[in-house]
Each structure stands twice: as structure tokens, then as C-alpha cells.
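> Build me a model from this:
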Amino acid sequence: MQEARQTTIDVREIEHFSALAAEWWNPAGKFGTLHKFNPVRLAYIRDHVAAHFGRDPHAVKPFAGLRLLDIGCGGGLLCEPMARLGADVVGADASETNIEVAKLHAAEGGLAIDYRATTAESLADDGEKFDVILNMEVVEHVSDVDLFIAKCGAMLKPGGLIFVATINRTLKAWGLAIIGAEYVLGWLPRGTHQYDKLVRPQELERALSAAQVAITDRTGVVYNPLADRWQRSRDMDVNYMVVGSKAP
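Here you go, the predicted model:
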């Protein structure tokens, strides 16, 4: 009898985001919060990649020559700016609907992005390798965080960087990111996050360490209502980002 293959896919999560696929590129729609979140994510990625690989962050294409994977790319909100920065981008998502939306939008913008409806484990098993891997708002939606991070680590080239953005599993996060953002303010569709699937920084650090990736920086991300924007903070109780490097 053939052994069942391990998977990081949570079918309920894929169905949830597939049903919302047409909303990805509407800044006033159901993913509007991600559009507002993008500037702080992009700056964090740009600055750390440029510093790590010795690039000028203000150059026209500072990521030229770097192969980048955005795993769980959704409709391509990060893939497109990464491609404009010069990276050779692979955007992967388990939802075929999301990938079709991403392909269409990239074509409209004249961007060459390699979009694939696939999983981290399939890419890793195929021997894919990348200089930079983005896991942005993904780990809280997979079925097996350790397996997911292990597969991403296997795809990261020695000396490469991996970015992870997610939500801490705290009562504060439950109150703000789930009850507040989904049920009170309506920033996100209800059911986007499940409290028991949120990931604490120490859990993420253990998974990355097992994948031979050492965290080199971490930051909290908070919403500034006066400026109507997200910004970095020392407060990692709710949203946070980390970057890690694989030993050369």
C-alpha cells in the first residue's frame, strides 16, 4: 500500500481564498488591508535584500540576477513589484484561481512572471533553488508549519534570504487581528484567520533553525490610524516580520 504524501495544503484555506480571487487587485475591496500593508513589506524586503547582496536599494533594478520565489503569492501583490525591481520571479499558489488572476494582471502590465499553481513541497521535490524566498502572510494558513518551512529551507540557496510575515498567537492578536479586523472593522473577510493556527515567533524560529536558517532581523508591524498606514515597531504581539539567512 502506497504511503500518503505529506502536504502543507489546508483545503479549507484554499477554497476560502479562491472564492475571493477577483478581489485581489481592488485596493478598496476585501484585500484592501494588504494593499495598505504592501509599502512596509516592500521596504523591508528591498532594504534587507540590497544590504545582504551588496546592491544599491535606489538603483532602477537592484534585484537583477536574483531568483525569487513568492510562495502563497495570491493574486501577485508582491510578485509584480519584485519583478519591477529586476528579480527573476516565480509566484506559486495552491489556488489555480488565484494564479489565473495573477497571470492576467501581470500580462496587462507587461510583466514576465513565472506563475505556477503548485505547492512548496512540489517545488522542493523538483529541486528548485532560489536566492530569496518570500513567505508573507502564509504560514498561518498551511496545515503543517514545520514541513512548509523545511521545504522552503530546502529550496533556499546557501547564503540566500527568507522572509516571513505572520501573526503572533496572543490574546492581543486574537482581539485585534481577528475580532477587531474581521468582525468589527471588516478589514478582512470573516474567517480569514483561525487563532489556533497563528504562529509565535519562537515556534517560527525553531522551524527555521531546523531548516538551517538563522534569523538575522525581526520587527513588529503596527497600524498608525492617524497616518492611515502600517509601520515597523518593536511591538511583535500582533503582526510581525522576520528575515533569515542560510549559511553559505
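> Can you name the element that comes right after the worst-scoring helix or strand of the chain on mean pLDDT?
Ranked by mean pLDDT, DSSP states H and E, the weakest helix or strand in the chain is helix 11-19, scoring a mean of 61. Along the chain past helix 11-19, the next helix or strand (assigned with DSSP states H and E) turns out to be helix 32-53.
> Quick check: next helix or strand after that following helix?
Sequence-wise, the next helix or strand downstream of helix 32-53 (DSSP H and E) is strand 67-71.
> I would like the residues contacting that next one, please.
By Cβ atoms under 8 Å, 6 or more residues apart in numbering, the residues outside strand 67-71 that reach it are 76, 78-79, 82, 87-93, 120, 123, 128-136, 138, 152, 155. Glycine gets a C-beta too; all of them are placed from N, C-alpha and C.
> got a list of contacts for the following helix or strand past it?
Secondary structure here is assigned by DSSP H and E; on that basis, the next helix or strand after strand 67-71 toward the C-terminus is helix 79-84. For helix 79-84, the external contacting residues (Cβ under 8 Å, 6+ apart) are 38, 42, 45, 61, 63, 68, 70, 73, 89, 91, 102, 105-106, 109, 111-113, 115, 134.
> redo that, cut-off 10 Å
The list of residues contacting helix 79-84 from outside it, by Cβ atoms under 10 Å, 6 or more residues apart in numbering, reads 25, 38-39, 41-42, 45-46, 49, 60-61, 63, 66, 68-70, 73, 76, 87-93, 102, 105-106, 109, 111-115, 132, 134.
> which helices and strands does whatever helix or strand comes next after that helix pack with?
Following the chain from helix 79-84 toward its C-terminal end, the next helix or strand by DSSP H and E is strand 88-93. Under the contact criterion of 3 or more Cβ pairs under 10 Å, 6 or more residues apart in numbering; DSSP states H and E, the helices and strands touching strand 88-93 comprise helix 11-19, strand 67-71, helix 79-84, helix 96-108, strand 114-117, helix 120-125, strand 130-136.
> one more time with 6 Å
Counting by 3 or more Cβ pairs under 6 Å, 6 or more residues apart in numbering; DSSP states H and E, the packing neighbours recorded for strand 88-93 are strand 67-71, helix 79-84, strand 114-117.
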